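Asker: Whatever this is, show me its structure:
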Amino acid sequence: MPNRKNIAVVMGGYSDEYVVSLKSGQLIFESLDREIYNVYKVVILQNDWYFIDDRGEKTPINKADFTVKLSSGFEVKFDVCFNIIHGSPGENGLLQAYWDCIGQVYTGCNFYQSALTFNKKDTLAVLSKYNIPSAKSIYLRKGDTISGEQIIEKLGLPVFVKPNQSGSSLGITKLKDINNLQKALDYAFAEDDEILIESYLEGMEVSVGVIDFRGETVVLGITEIVSENEFFDYEAKYEGASQEITPARIDDETRIKVENIAKKAYVSLGMSGFSRSEFIIMNGQPYMLEINTNPGFSPASILPQQAKHYGISIKDLCGFEVEKALKK
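Answerer: I've put the predicted structure just below:
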């Protein structure tokens, strides 16, 4: 079929999340319909951008125009890049800005939405204008100082200390004893130059998948997170130390409230493609923690589980993203 479109599934990234991204990319790579698409696997790492073929042979990507010259001498220009990089540069707008500059079409959010949602503080500040509540917080830049007394006075204890821009729950501490403050600050600052200290919300944590599918903003599902650890940290997310229950065990009134807030956040921010937002439901009120524009998409990840529950196959979910990008 000469008119098959060339699709690059772009995975990897510059952060520790690249391991998860490679698994997400593999699922998308396997799920795209070979009858309509030529599918290529492209890996972007800090010092190495390459196409990898079925034999594991690597060919460098030409960064001037994001093409690849195969060993046959044939140059491949991609009709669409399916972006599934978690963290930098695929989730914070850097890659999108570069692709915009060279005229490369891609899936998901554009540069601005990606940069905004990667910044937890700015996202929550924008959403507060739409009356979407979040935890009380203190924002610090590297070099700022704060005393334990100031934190306790404003936020009480326990608090969460977290990097402002980081994914996969890296660098987060649940701080119950203010004597451990410096250790928690150092741990968060190792991931980012800006951090948030947030008041603790006592309630049920839920993860809500929202996508735009066939022209509609759809809530794929609400998954209840029951972590065996202190909170939904990296180990709980990726090493099985949590239970993920879809659909969440909440009453209809609360479910509708969560669905409406998750949709409102998605639309208010002008988002596109896959997203997953995290909330704590406290006394029937959902409080937003963050929103991810490139959530995990490995077979164990929440979004594919929700799609299955909703009744959308992974093949259709991924295929629709590509078709939407082709229409751009």
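
Asker: what residue ranges in the stretch 151-300 of the chain score low on pLDDT?
Answerer: Scanning the stretch 151-300 of the chain for pLDDT under 70 picks out 166-169, 229-241.

Asker: Let me know the pLDDT of the spatially closest residue to Asn294 that is not a sequence neighbour.
Answerer: Leaving out its chain neighbours, the residue that sits closest to Asn294 by CB to CB, 6 or more residues apart in numbering is Glu91, at 4.4 Å. (C-beta placed from N, C-alpha, C; glycine too.) Glu91 is assigned a predicted lDDT (pLDDT) of 95.

Asker: Might you report the residue contacts of Glu91?
Answerer: 13, 85, 114, 118, 167, 292-294 (CB atoms under 8 Å, 6 or more residues apart in numbering).

Asker: So it: helix, strand or coil?
Answerer: coil (DSSP: H, G, I helix; E, B strand; the rest coil).

Asker: got it, and Cys101?
Answerer: Assignment for Cys101 (three-state DSSP): helix.

Asker: And for Val161?
Answerer: strand.

Asker: Does it touch Ile172 like I think?
Answerer: Yes: contact criterion CB atoms under 8 Å: Val161 and Ile172 qualify, at 7.0 Å.

Asker: what do the two both touch?
Answerer: Shared contacts of Val161 and Ile172, counting by CB under 8 Å, 6+ apart, come down to Ala188.

Asker: For the stretch 151-300 of the chain, which segments count as helices?
Answerer: 181-189, 234-238, 252-268 (DSSP state H, counting those that start in this stretch).

Asker: Please identify the most buried of the ones you listed.
Answerer: helix 234-238 (a mean of 19; mean count of other CB atoms under 10 Å).

Asker: What is the neighbour count of Tyr50?
Answerer: 17 (other CB atoms under 10 Å).

Asker: contacting residues for it?
Answerer: 42-43, 58-61 are the contacts of Tyr50 under CB under 8 Å, 6+ apart.

Asker: quick one, domains of the chain?
Answerer: 5-107, 116-133+203-293, 137-199 (automatic domain parsing).
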